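Student: Show me the folded form of this:
(one chain, ligands or ions: 3)
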Amino acid sequence: MAQEKPLVIEAPDLQERVAQRVRAARAGRAMSMKQLARESGISLPYLSRVERGDGNISLAVLGKLAAALHLSPDSMLADDERYGADYALIVELLKRQSPARLREIRKALLDGASSGRGKAPRRIALVGLRGAGKSTLGPVLARRLGLPFVELNREVEKEAGIALDLIFSIYGQAGFRQLEKRCLDRVIAQYPEVVLATGGGIVVEPATYELLLHSFFCVWLHADPHEHFRRVMAQHDARIATPELHKDAMANIAGALEARRKLYALAHADVDTTHREVDELVGQLEQLVQKHSFGQVGSALTQALCA
Ligand SMILES: Nc1ncnc2c1ncn2[C@@H]1O[C@H](COP(=O)(O)OP(=O)(O)O)[C@@H](O)[C@H]1O
Ligand SMILES: O=C(O)C1=C[C@@H](OP(=O)(O)O)[C@@H](O)[C@H](O)C1
Ligand SMILES: [Mg+2]
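Tutor: Ligands and ions are numbered 1, 2, ... in the order given. Sure, this is the predicted structure:
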């Protein structure tokens, strides 16, 4: 195995997290344990166990405690502490914005963060569902631009020392996503200029996708779901090769495309590849890359935020 760090999939200690959250929130509100017990309707001995991280708290109890502390139930489980007070304030600020304004803020943050740091990196990532043409168009585009080409799935396989299907069966989805993030970090560190073909599911992992959008000019390649299906079938993809899998494959492709559409649409540009030749598509991609100004200057506000 070429692995540097062992792959550890750890479940978070949620009881300890809730315990810390309740202790800190109660202290911040200058409430005694007795007061919180009374206001939440939870017995004092049980509250004391919850605060010690002892006892498997039910959702109903979690809800009562959150209500008495005037916190949202999800925040009782959040791992916010390690990000500090600024994080909590920024989250609250963002919650007050409209979806359109949030889109502007995110764009401005990305532009601002990539400005003023010497020569702008020229990284291009192709995203899209399997069969989109990422692995086909990527190397051709890279050759035309004179850049190296990297296939992220191959990097993940090298990292684990085994093939993708084995990674999924041994380490599960969580293990694969952890390796994928690790490999993306490494590609960014190694290549200031590159064309990267990503795996179709990279967009479902917010931290990985955020990093991708931040560090690459991302182009979403898409096609009609039937076209995705035809292309994947023609490849004899092992994931849909058996008659049983084949039966569900079309629904699966259409479902994944629908579920991921909004995420793929966050890419900086998109190209419809339906009924279009590879050569023509690479030409369009080349034009998009040439038009894109890598490392734009962001607003003063975002520069301050990203400093
Ligand atoms: N524009 C296109 N028109 C027709 N077939 C295509 C096109 N792009 C890719 N293909 C074919 O579809 C299959 C899947 O393409 P691939 O590049 O492996 O997709 P991805 O890497 O996005 O999963 C391959 O057999 C490829 O030759
Ligand atoms: O869509 C997905 O969830 C996945 C797509 C694959 O990449 P391709 O899009 O290159 O097939 C690979 O990353 C993994 O099996 C998960
Ligand atoms: Mg591929």
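Student: Tell me where the stretch 151-300 of the chain is predicted with low confidence.
Tutor: 237-242, 247, 295-300 (pLDDT under 70).
Student: who's in contact with the one residue in it that gets nearest to ligand 1?
Tutor: Ligand 1 sits closest to R231 of the stretch 151-300 of the chain, with a gap of 3.3 Å, by Cβ to the nearest ligand atom. In short, each C-beta sits where N, CA and C put it, glycine included. Counting by Cβ atoms under 8 Å, 6 or more residues apart in numbering, R231 touches 131, 133, 223.
Student: Wait, a helix at it?
Tutor: Yes. The assignment for R231 (DSSP: H, G, I helix; E, B strand; the rest coil) places it in a helix.
Student: Pull the number of nearby residues for the closest residue to ligand 3 within the stretch 51-200 of the chain.
Tutor: As assessed by Cβ to the ion, ligand 3 sits closest to S135 within the stretch 51-200 of the chain, at 3.3 Å. By the other Cβ atoms under 10 Å criterion, the neighbourhood of S135 contains 16 residues.
Student: How much space separates it from V232?
Tutor: Remark: distance between S135 and V232 (Cβ to Cβ, to the nearest Å) = 12 Å.
Student: need the contact list for the residue lying closest to L266 once chain neighbours are set aside.
Tutor: Of all residues not flanking L266 in the chain, L213 sits nearest, at 6.5 Å (Cβ to Cβ, 6 or more residues apart in numbering). When contacts are counted by Cβ under 8 Å, 6+ apart, L213 is found next to 110, 266-268.
Student: In stretch 261-273, which of the residues would be classed as buried?
Tutor: Within stretch 261-273, the residues that count as buried by 16 or more other Cβ atoms under 10 Å are 263-264, 266-268, 270-271, 273.
Student: The residues you listed into a markdown table, with extra columns for secondary structure and distance to G53?
Tutor: A markdown table is the format used below for the buried residues of stretch 261-273 (DSSP: H, G, I helix; E, B strand; the rest coil; distance: Cβ to Cβ, whole Å):
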| residue | secondary structure | distance to G53 |
| --- | --- | --- |
| L263 | helix | 35 |
| Y264 | helix | 40 |
| L266 | coil | 38 |
| A267 | coil | 42 |
| H268 | coil | 44 |
| D270 | strand | 47 |
| V271 | strand | 51 |
| T273 | coil | 52 |
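Student: from those residues, which single one is nearest ligand 3?
Tutor: T273 (13.1 Å).
Student: Go ahead and confirm the closest one touches W220.
Tutor: No. T273 is beyond contact range of W220, at 10.2 Å (criterion: Cβ atoms under 8 Å).
Student: Name the SS class of the closest residue to ligand 2 within the stretch 101-250 of the chain, please.
Tutor: Taking Cβ to the nearest ligand atom, ligand 2 has its nearest neighbour within the stretch 101-250 of the chain at G199, 2.1 Å off. Of the three states, G199 takes coil under three-state DSSP.
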